[in-house]
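S.K.: When you get a sec, could you give me coordinates for this:
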Amino acid sequence: MKKGFTLIELLIVITVISILIGIALPRFKGMQDEGNIAKAKAELRTLQTAVESYYIHNSNTYPSALSSLTSATPNIIGSTLPTDPFNGTNNYGVATDGASPVKYYVLYSVGPGANGSAAVSTAGVVTETNGSSCIYVSNAGQDTTP
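M.R.: Residues are numbered from 1 along each chain as shown. Below you'll find the model as predicted:
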């Protein structure tokens, strides 16, 4: 009698393995999104602290762009800004109320949907645009995550 697996036994094993992989992959993607959300929250809080430090050290004016933080005196952030984990190549977004001088700002990540953004009004009301998966922090007193 030969020892080994029959063709049907091998097909059953392959089918069971493929079903298990099919169950595991979506859960892994969900864990990646949760990790990226936590990373974006932490980096946005750090950037918010850097913006407020810039405000204190530069005659009570907010930076015109986040890139101003890398060349500020005193040095607030290193030579490069963190990148948004949901789009990988771009930095986090920033929007201001458009007033002169700027009173309110919002820093945002595009979020898990990779298409979110945020805006802030002169009254300090933050609104999400281009989807609802945006993660943001603001000095207007409203912070949110999906």
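
S.K.: His57 against Asn75, yeah?
M.R.: No: using CB atoms under 8 Å, His57 makes no contact with Asn75, being 10.4 Å away. Quick note: C-beta positions are derived from backbone N, CA and C, even for glycine.

S.K.: Those two - which one has more neighbours?
M.R.: His57 (13 against 10; other CB atoms under 10 Å).

S.K.: Tell me the spacing between the more buried one and Ala99.
M.R.: 21 Å (CB to CB, to the nearest Å).

S.K.: Averaging pLDDT per element, find the lowest-scoring helix or strand in the chain.
M.R.: The helix or strand of the chain with the poorest confidence is strand 126-129; it has a mean of 87 (mean pLDDT, DSSP states H and E).

S.K.: Now do the shared contacts for His57 and Asn75.
M.R.: Common contacts of His57 and Asn75 (CB atoms under 8 Å, 6 or more residues apart in numbering): none found.

S.K.: In this structure, where is pLDDT below threshold?
M.R.: Counting by pLDDT under 70, the low-confidence segments of the chain come to 1, 131-132, 142-146.

S.K.: again, only this time at 90
M.R.: 1-7, 22-33, 58-61, 63-80, 87-91, 98-101, 111-117, 123-134, 140-146 (pLDDT under 90).

S.K.: Do you have the strands of it handy? List them.
M.R.: 93-96, 105-109, 117-120, 126-129, 135-138 (DSSP state E).

S.K.: Those into JSON lines, with extra columns for mean neighbour count and distance to Lys41?
M.R.: Output for the strands of the chain, formatted as JSON lines (neighbours: other CB atoms under 10 Å; distance: least, CB to CB, whole Å):
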{"stretch": "strand 93-96", "mean neighbour count": "19", "distance to Lys41": "15"}
{"stretch": "strand 105-109", "mean neighbour count": "26", "distance to Lys41": "8"}
{"stretch": "strand 117-120", "mean neighbour count": "22", "distance to Lys41": "14"}
{"stretch": "strand 126-129", "mean neighbour count": "17", "distance to Lys41": "16"}
{"stretch": "strand 135-138", "mean neighbour count": "26", "distance to Lys41": "6"}
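
S.K.: still on that earlier bit, would you list the strands that the least confident helix or strand of the chain pairs with, along with their directions?
M.R.: strand 117-120 (antiparallel) (DSSP bridges).
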